[in-house]
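Visitor: Sharing a sequence plus its predicted fold:
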Amino acid sequence: MPMPKTTANWSLYIIEASDASLYTGITTDVERRFGEHLQGPRGARYFNGRSPLRIIYREDGHDRASASRREAQIKKMSRKAKRELIAQATPDLTTGTTA
C-alpha cells in the first residue's frame with residue numbers, strides 16, 4: 001500500500017524575468033520548475049521571448065488549494081504591491097534585517 005502524500009508540499013514562487021517583469025507560479029519543487037522554465041518546452045509560455053533570471057520570492061507549506069488561491073491573490077496585485085511583498089520577505093544581506 002503506497003504511503004499517502006503530505007498535503008502541505010506545494011510552494012508558490014515569483015520569478016524575475018529578463019525584461020524585469022514578474023512571473024508567479026506554484027509547484028511541488030521550485031528548483032525543478034525553475035529549471036523547466038530555463039530549458040524551454042516544459043516551461044511556461046510566458047518565457048517565450050524573455051528569460052527567467054532568478055527566483056525572488058517563495059512561500060512553502062501550502063496544499064494545492066491554498067497555493068492556487070494565493071497564486072490568484074498575488075496575480076491580482078499591482079507590480080508595486082508585489083515588489084513590497086518581496087521586499088518585506090527578503091532579508092537585507094548587509095544588515096540581516098528585512099528591507
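Guide: Everything's here; your move. None of the values given here were measured: they were computed from a predicted structure.

Visitor: what about Arg64, neighbour count?
Guide: 13 (other C-beta atoms under 10 Å). Yep, even glycine has a C-beta here, placed from its N, CA and C like the rest.

Visitor: for Ile14, same thing?
Guide: By the criterion of other C-beta under 10 Å, Ile14 has 21 neighbours.

Visitor: quick one, what contacts it?
Guide: Listed by C-beta atoms under 8 Å, 6 or more residues apart in numbering, the contact partners of Ile14 are Leu22, Tyr23, Thr24, Ile55, Ile56, Tyr57, Arg58, Ile74, Lys82, Ile86.

Visitor: Model confidence for it, exactly?
Guide: The per-residue pLDDT reported for Ile14 equals 97.

Visitor: Go ahead and list the helix or strand containing it.
Guide: Using DSSP states H and E, Ile14 sits in strand 10-17.

Visitor: now what about stretch 27-36, what contacts it?
Guide: By C-beta under 8 Å, 6+ apart, the list of residues contacting stretch 27-36 reads Asn9, Trp10, Ser11, Tyr13, Ile15, Gly25, Arg42, Gly43, Pro52, Ile55, Arg58.
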